[in-house]
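Undergrad: Here is the input, now give the coordinates:
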Amino acid sequence: MSTVVGATALYGGDAPEPVRGEFAAAVPGPDVDGPPFGPGDLGAITPSAATGVPTLSPGAIPTTDGGGASVSRRATAAPTSAGPVPAVPPPVVSVPASPSSTPTAPAGTALTPGTRIGLEVAALPGRRVRHAGFQAQVDAVDAGSSAGARADSGFVVRTGLAGACLSFESVNFPGHYLRHHEFRVFLHRAEGGDVFRADATFCQVGGIGGTHTSLRSYNYPNRYLRHDGQRQMQVSPIGDGASASSATFVVRPAL
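TA: You can find the predicted model right below:
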């Protein structure tokens, strides 16, 4: 009996998401105010290391044990006489910040289910994630913005629809969540499928910009919620033009 062996071609990077039909109601959103980001908007402002805010290793998964991101080693003094060796407190060695290190808690404000929050781009103060026409994007939104724009930038933190991490429900469109589809981010009405629940779940991690917070895709864990420099929100790997600053956010109260 002969065996036919099929050869599978491997492609670099992530496989594209399966194409799924759109299901969000085509309700027109408010017009976007203001021009796209200018050439100097991105990278002109870099997040500083704020004092008093715990910083953790970039892009690392939070745990709940509350320990510090450090490594301990034990040293013992050489005995000078016959008898017990005196105990020496272990020195603490700092772990350099790197995407591969594992911190113990998210940097910045911890996201708690039930709270209403806004996500401000750390490198672009005053610009928040908001939905418009059921697409997720970044716009200038502050206390002086229209009531509609302020509502569009508010999200209720929910326990992750996938059963872990977090999901973000619209304040003014209850039952609609931020989710990625073909790696772009939209506001879609929740459906019951496993694919939607995974697409609408993000894990809070230490900011890959060095401080604050980043949000990693639950089902594409090498991709982070970020803006593309032209307002549109995506989930992307960091590198190849996707900067850490575009995926680092300050958690603010909803406006």
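
Undergrad: Between the two ends of stretch 247-255, how far is it?
TA: One end of stretch 247-255 sits 21 Å from the other (CA to CA, to the nearest Å).

Undergrad: I meant stretch 222-239, not that one.
TA: Stretch 222-239 has an end-to-end distance of 11 Å (CA to CA).

Undergrad: List the buried residues of that stretch.
TA: Neighbour-count burial for stretch 222-239, counted by 16 or more other CB atoms under 10 Å, picks out 223-229, 231, 233-236, 238. The C-beta positions use only the backbone N, C-alpha and C, and glycine is treated the same way.

Undergrad: On the pLDDT front, check Thr159 for me.
TA: pLDDT recorded at Thr159 is 98.

Undergrad: from what I can see it touches Phe168, true?
TA: No - using CB atoms under 8 Å, Thr159 is not in contact with Phe168; the gap is 11.3 Å.

Undergrad: So which of the two has more stuff around it?
TA: With neighbours defined as other CB atoms under 10 Å, Thr159 and Phe168 compare such that Phe168 has more, 26 against 13.

Undergrad: tell me which element the more buried one falls in.
TA: Element membership for Phe168, per DSSP states H and E: strand 166-170.

Undergrad: now for that strand, which elements pack on it?
TA: With contacts defined as 3 or more CB pairs under 8 Å, 6 or more residues apart in numbering; DSSP states H and E, the secondary structure elements packing on strand 166-170 are strand 155-159, strand 176-181, strand 202-206.

Undergrad: Give the rounded mean pLDDT of that strand.
TA: Averaging pLDDT along strand 166-170 yields 98.
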